[in-house]
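**Q** prediction below, plus the sequence it came from.
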Amino acid sequence: DAGITQSPRHKVTETGTPVTLRCHQTENHRYMYWYRQDPGHGLRLIHYSYGVKDTDKGEVSDGYSVSRSKTEDFLLTLESATSSQTSVYFCAIRRQGQVEAFFGQGTRLTVV
Amino acid sequence: TQLLEQSPQFLSIQEGENLTVYCNSSSVFSSLQWYRQEPGEGPVLLVTVVTGGEVKKLKRLTFQFGDARKDSSLHITAAQPGDTGLYLCAGATGAQKLVFGQGTRLTINP
């Protein structure tokens, strides 16, 4: 257990509204990641962070922004939600010096 | 973009049979991981392979990393219903990122 909590676990929102998902970790790991999971696509990286206020884009970053103002929290914001952003979102952490990722339980987001 | 292609994407077999899942890429990775995911949960790490040609065994599961570090395979011997799940391979890049394959959904029928 890497002490990762995602909130909310489920959310339904309307097209055009902003949405923020939260990832909280209790072990002060440096690296944090946001992925989305869709059928047939596996896990695709949205954004990642390698320290407080240090973030970078992944392969599917359009329409998403992130913030990391403290080590334990990594926020993912959908600036104006669209139906194509309906997905399951996973947060992951990676320990310094290791390559393996440890995942939260996911947030199922539905945009109607 | 570094891509990982998994095959097959779906596999349904009878209990007791053997199976192999493949993870291929045109890119070289510093390491490859295999994860297993249950419905409603996040992926959980099974194994990491680092050295080209490396073979690791985890009970009835055998993982192999290709000599050129571009591909990997997962072989399950005498599959059991408890092996049912989504299997994902992931490759570590030099840029601190993990790239995932699209997954293999495995169903073991009693």
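**A** Yep, that arrived.
**Q** tell me the contacts of the closest residue to chain B within chain A?
**A** Proximity of chain A to chain B (C-beta to the nearest C-beta) peaks at residue A:103, 3.0 Å away. Heads up, the C-betas are built off the backbone N, CA and C, glycines and all. The neighbourhood of residue A:103, defined by C-beta atoms under 8 Å, 6 or more residues apart in numbering or on different chains, consists of A:4, A:90, A:91, A:92, B:42, B:43, B:44.
**Q** and for the lengthiest strand in chain A, what's in contact with it?
**A** With DSSP state E setting the assignment, residue counts place strand A:42-51 as the longest strand in chain A. Identification of contacts with strand A:42-51 by C-beta under 8 Å, 6+ apart yields A:30-38, A:55-61, A:64-66, A:68, A:71, A:74, A:76, A:89-90, B:4, B:6, B:43, B:88, B:90, B:96-103.
**Q** before we move on, back to that, which ones among the contacts of residue A:103 are found in strands?
**A** When DSSP E is applied, the contacts of residue A:103 are split such that A:4, A:90, A:91, A:92, B:44 fall in strands.
**Q** for the second one, give the beta-bridge partners.
**A** Going by DSSP bridges, residue A:90 is paired in beta bridges with residue A:35.
**Q** show me the helices in chain B, by range?
**A** With DSSP state H, there are no helices along chain B.
**Q** lowest confidence element among the helices and strands of it?
**A** None of the helices or strands of chain B scores lower by mean pLDDT, DSSP states H and E than strand B:98-100, at a mean of 88.
**Q** please name every helix or strand in contact with that one.
**A** Counting contacts by 3 or more C-beta pairs under 8 Å, 6 or more residues apart in numbering or on different chains; DSSP states H and E, strand B:98-100 packs against strand A:42-51, strand B:85-92.
**Q** what lines up beside that strand in the sheet?
**A** According to DSSP bridges, strand B:98-100 forms sheet pairs with strand B:85-92 (antiparallel).
**Q** which residues touch the strand it pairs with?
**A** For strand B:85-92, with C-beta under 8 Å, 6+ apart as the criterion, the contacting residues are A:42-43, A:99, A:101, B:2, B:4, B:6, B:21, B:23, B:25, B:27, B:29-38, B:43, B:72, B:74, B:98-101, B:103-106.
**Q** which ones are touching the residue nearest the centre of chain A?
**A** When C-alpha atoms, centre = their mean is applied to chain A, the residue found nearest the centroid is residue A:34 (2.9 Å). If a contact means C-beta under 8 Å, 6+ apart, then residue A:34 has A:21, A:23, A:45-48, A:58, A:64, A:66, A:74, A:76, A:89-92 as its contacts.
**Q** average pLDDT across stretch A:61-78?
**A** The average pLDDT within stretch A:61-78 is 97.
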